[in-house]
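> My questions are about this predicted structure, shown below with the sequence.
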Amino acid sequence: MSLKKPAWSGRFSDVPSEDLIVFGASLPVDKRMWRQDIAGSIVHSQMLARQGIITDKEAAAIKSGLQVIEAQIEEGSFQWAIEDEDVHMAIEQALTKLIGEDGARLHTGRSRNDQVATDTRLYLMDRVLSISRSLNALRLELIHLAEKHSAVIIPGYTHLQKAQPISIAHYYLAYAQMFARDFKRFTSAYEAADNCPLGSAALAGTSYPLDREYVADQLGFTRVSINALDSVSDRDFLLDAVYAASVCQVHLSRLSEELILWTTEEFGYLKLSDKYSTGSSIMPQKKNADFAELIRGKTGRVVGDLNSLLVTLKGLPLAYNKDMQEDKEPAFDALDTIESCIKVMTGMIAGLSLNEGRMREASTGGFMAATDLADYLVEKHLLPFRQAHEIVGNIVLTCERQGRKLQDLSIDELQGFYPGFGRDVEDALRIDKIVDARTTEGGTSRTAIAVQLEKTRQAYSLDEQLIALR
Ligand code: ARG
């Protein structure tokens, strides 16, 4: 290929080789910020004219030139050239080619350092909003599922050993809390980005009488940055967003893991819809949870993006360093990945079918009523819990040796362990009773679930309102 000279080649007698130009370019990665770049340039040039730094005529020419370029990019006819290095140079060069000298006035009082920081913030705010919308759709789906299946009982686990029976609503609402916290983390990343650096120029500010407040306001920022040196070096907002994505991805991965386990023949609690499962090329019987596995698998990638970004920034002297060009690839990758995973998960859980019989059956085995049997002794006979625990431990051991369930023991047999067991113990061991006994706030009883649901719905609605404001 034969490349044209770089825009900054004025003070150079030789220029980098083609290989080096390709090596140094960020265009393939950052060209996706073209909308933000054009918006920033239009507002900057309007401001320059308002401040009498360029003429209104020049500003008008810049604006219409940029609009032509915008249309070209939109329809796919714009010629991106790697030797332009990045999206900022590509658009500015195209503008000057299109409208001549007026285009060359656009960069007055601006550096690519504040320009790239502005574009990246605007892009991130946009993407974070869209991720927050997807996240809320997932939260709403979990709320629907919790309402729809509130009577379904599943085993609750610790150490992946059956622990205590819970309602499946309790389970869905647990994830709804995680995604509500993720929403907050994304919101806080949005707020970190909502701070306009344009006008910081290279690092020191500029001698032109810029109106930074006007620029910030026109671009939809709430405030202007305070320190120019910081604002061209600050990538905290990216870290915040990629951290939010990492935690959210970990939540999705945990949920995926349960979908993978619970759709196996061994568990058999859930069935994925055909749309969300895949077959094997050799084993005709297989129905795999590929998409859940992929979500789990992509977690490594998003957490890797966070690591990559942190290490890139570590040890960079102020202000801008070319290292920072490496910020976008992991950040964009994390945003793309989390958004697609949230959407896939939403569709996947909406299409699940539940094997209620299997879940109920699994909830009665495994001595899951053992705690309730101990509680019965505490409540009825005022035994200290530790003592009741000991008695029930012996009962469990005996059942285990004889291959029986707690519910299989007769009253006589139970009384052999402790004389105080009465007929009412049968009732205390009924699974629905056990679930409904957990009435503490945050518990799994139907009454406690109703409260959880209400709170979860309220938090969701508040967050919906927050999105609508942006
Ligand atoms: N492509 C560059 C980046 O992504 C833009 C900023 C370039 N600034 C500079 N002083 N070389 O970081």
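Yep, it's here.

> Just want the residue of the stretch 201-350 of the chain that's nearest the ligand.
Proximity of the stretch 201-350 of the chain to the ligand (C-beta to the nearest ligand atom) peaks at Q325, 3.7 Å away. Placement of C-beta: from N, CA and C, glycine included.

> isn't there a helix covering that residue?
Yes: counting by DSSP: H, G, I helix; E, B strand; the rest coil, Q325 is located in a helix.

> Once you drop chain neighbours, what's closest to it?
Distances taken as C-beta to C-beta, 6 or more residues apart in numbering put S26 closest to Q325, at 4.8 Å, once the chain neighbours are dropped.

> before we move on, what about G365?
G365 sits nearest to K405 (C-beta to C-beta, 6+ apart), 6.2 Å away.

> What helix or strand is P6 located in?
Using DSSP states H and E, P6 sits in no helix or strand.

> need the contact list for it.
Neighbouring residues of P6 by C-beta atoms under 8 Å, 6 or more residues apart in numbering: V15, P16, I21, E83, E85.

> mind checking how far the third one is from L27?
From I21 over to L27 the distance is 10 Å, taken as C-beta to C-beta, to the nearest Å.

> and if you look at the first one?
Separation of V15 from L27 (C-beta to C-beta) stands at 17 Å.

> For the two, indicate the residue with more neighbours.
L27 (18 against 14; other C-beta atoms under 10 Å).

> I'd say the more buried one and H88 touch.
No: L27 is beyond contact range of H88, at 9.6 Å (criterion: C-beta atoms under 8 Å).

> which residues touch stretch 53-67?
The contact list for stretch 53-67 (C-beta under 8 Å, 6+ apart) reads 38, 41-42, 45-46, 48-49, 91, 95, 98-99, 102-103, 105-106, 108-109, 208-210.

> now A59, nearest residue through space, not along the chain?
A49 (3.5 Å).

> doesn't the one you found fall inside a strand?
No: read with three-state DSSP, A49 is helix and lies in no strand.

> confidence score at it?
Looking at A49, its pLDDT stands at 98.

> what's the spacing between it and the ligand?
Noted for A49: a distance of 25 Å to the ligand, by C-beta to the nearest ligand atom, to the nearest Å.

> and E293, what is it in contact with?
Going by C-beta under 8 Å, 6+ apart, E293 touches S256, I260.

> Local confidence estimate at it?
So, for E293, pLDDT stands at 97.

> Report whether the strand or helix carrying it contacts the ligand.
Taking DSSP H and E as the criterion, E293 maps to helix 290-313. No: judged by C-beta under 6 Å from any ligand atom, helix 290-313 stays clear of the ligand, getting no closer than 11.0 Å.

> any idea which element D126 lies in?
helix 112-148.

> Helix or strand next in line after that helix, which one?
Following helix 112-148 toward the C-terminus (DSSP H and E): strand 153-158.

> Please compute how far that following strand lies from its chain's middle.
Its chain's average C-alpha position is 26 Å from that of strand 153-158, according to C-alpha atoms, centre = their mean, to the nearest Å.

> Return the list of strands paired to that strand, each annotated with direction.
strand 161-167 (antiparallel) (DSSP bridges).

> where do the strands sit along this structure?
153-158, 161-167, 270-271, 353-354 (DSSP state E).

> could you dump these to a markdown table with mean pLDDT, mean neighbour count and distance to the ligand?
Output for these, formatted as a markdown table (pLDDT from 0 to 100; neighbours: other C-beta atoms under 10 Å; distance: least, C-beta to the nearest ligand atom, whole Å):
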| stretch | mean pLDDT | mean neighbour count | distance to the ligand |
| --- | --- | --- | --- |
| strand 153-158 | 97 | 19 | 47 |
| strand 161-167 | 95 | 20 | 49 |
| strand 270-271 | 96 | 18 | 45 |
| strand 353-354 | 96 | 13 | 48 |
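
> Now distance to W34 too, for those strands, in CSV please.
CSV is the format used below for the strands of the chain (distance: least, C-beta to C-beta, whole Å):
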stretch, distance to W34
strand 153-158, 49
strand 161-167, 50
strand 270-271, 43
strand 353-354, 44
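
> In the stretch 351-470 of the chain, what residue comes closest to the ligand?
R470 (25.6 Å).

> Check whether that residue really touches V128, as I assumed.
No: between R470 and V128 no contact is recorded; they are 9.4 Å apart, counting by C-beta under 8 Å.

> between the two, what contacts are shared?
Y190.

> Mind checking which of the two has more residues around it?
Neighbour tally, R470 and V128, criterion other C-beta under 10 Å: the higher count belongs to V128, 29 against 13.

> Report the spatially closest residue to that one, excluding sequence-adjacent ones.
Leaving aside its chain neighbours, V128 sits nearest to Y190 (4.6 Å; criterion: C-beta to C-beta, 6+ apart).

> Could you do T456 as well?
The shortest distance from T456 to any non-neighbouring residue, by C-beta to C-beta, 6+ apart, is to A176 (5.0 Å).

> R133 too?
R133's closest residue in space is I467 (C-beta to C-beta, 6+ apart), at 6.1 Å.

> Next, count neighbours for that neighbour.
As a burial measure, I467 scores 16 neighbours (other C-beta under 10 Å).

> That one contacts L135, correct?
No: using C-beta under 8 Å, I467 is not in contact with L135; the gap is 9.7 Å.

> one step back: what are the phi and psi values at the residue nearest to Q325?
phi -110, psi 0 (degrees, to the nearest 10).

> That one: what's it in contact with?
Counted by C-beta under 8 Å, 6+ apart, S26 has contacts E85, D86, V87, Q325, K328.

> Try it again at 7 Å.
Applying C-beta atoms under 7 Å, 6 or more residues apart in numbering, we find S26 in contact with E85, D86, Q325, K328.

> Tell me how confident the model is about stretch 71-90, as a mean pLDDT.
97.

> in it, what counts as buried?
For stretch 71-90, a neighbour-count test (16 or more other C-beta atoms under 10 Å) marks I73, F78, A81, I82, E83, D84, E85, D86, V87, H88, M89, A90 as buried.

> just to revisit the earlier point, now look at the helix holding D126 and say if it contacts the ligand.
Yes: judged by C-beta under 6 Å from any ligand atom, helix 112-148 comes into contact with the ligand through R112, N113, V116.
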